[in-house]
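*Asks:* Got a sequence here, can you model it:
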Amino acid sequence: MKLRMAVALAIFVVAICMPALAADIGGQWTATFNTQVGEQHYVYTFKVDGEKLTGTAKSDNGTSEIQNGVVKGDDVSFVENLDYQGQKLVITYTGKISGDEIKFTRDVAGAAKEDLVAKRVK
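*Replies:* Numbers count the residues shown, from 1 in each chain. Down below sits the predicted model:
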């Protein structure tokens, strides 16, 4: 009886803690999507340490360091500070991780919202 109770308690604790674990999104991801300025091609390189996300966002317009990155469970968010033709654009990403895909919405300097899907490079 005590063993059954201990096993049930262990399963309960694991079930509660599972959503708090950050998804493993380390590595490279690619995305191609349409924007107001045409088709964009991105390679995201993510590094995860606990809930902290760092890395780079490389596009046809250059490479930006990922800032303020967070991964909590299957939620991810970060900021890309893009230099677009001499203009600084703050692009805020929020997304949901699902296996080898991340569905992102990005807010481009408060002027445009864009949806995209990044896929893990295997």
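*Asks:* can you map out the strands along this protein?
*Replies:* Using DSSP state E, the strands assigned to the chain run over residues 27-35, 38-49, 52-59, 62-72, 75-84, 87-98, 101-108, 112-120.
*Asks:* Turn those into JSON lines, columns for mean pLDDT.
*Replies:* What follows is the strands of the chain, written out as JSON lines (pLDDT from 0 to 100):
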{"stretch": "strand 27-35", "mean pLDDT": "96"}
{"stretch": "strand 38-49", "mean pLDDT": "96"}
{"stretch": "strand 52-59", "mean pLDDT": "97"}
{"stretch": "strand 62-72", "mean pLDDT": "97"}
{"stretch": "strand 75-84", "mean pLDDT": "95"}
{"stretch": "strand 87-98", "mean pLDDT": "96"}
{"stretch": "strand 101-108", "mean pLDDT": "97"}
{"stretch": "strand 112-120", "mean pLDDT": "97"}
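*Asks:* Let me have those strands in JSON lines, extended by mean neighbour count.
*Replies:* For glycine as for every other residue, the C-beta is placed from the backbone atoms N, C-alpha and C. Shown next, in JSON lines, are the strands of the chain (neighbours: other Cβ atoms under 10 Å):
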{"stretch": "strand 27-35", "mean neighbour count": "15"}
{"stretch": "strand 38-49", "mean neighbour count": "15"}
{"stretch": "strand 52-59", "mean neighbour count": "18"}
{"stretch": "strand 62-72", "mean neighbour count": "16"}
{"stretch": "strand 75-84", "mean neighbour count": "18"}
{"stretch": "strand 87-98", "mean neighbour count": "15"}
{"stretch": "strand 101-108", "mean neighbour count": "18"}
{"stretch": "strand 112-120", "mean neighbour count": "15"}
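*Asks:* any idea what sits nearest the most centrally placed residue in the chain, other than its immediate chain neighbours?
*Replies:* With distances taken as Cα atoms, centre = their mean, the residue of the chain nearest its centroid is Val76 (4.1 Å). Leaving aside its sequence neighbours, Val76 sits nearest to Gly95 (Cβ to Cβ, 6 or more residues apart in numbering; 4.8 Å).
*Asks:* returning to what we had before: OK, contacts around the residue nearest to the centre of the chain?
*Replies:* Counting by Cβ atoms under 8 Å, 6 or more residues apart in numbering, Val76 touches 23, 25, 53, 69-70, 93-97, 102.
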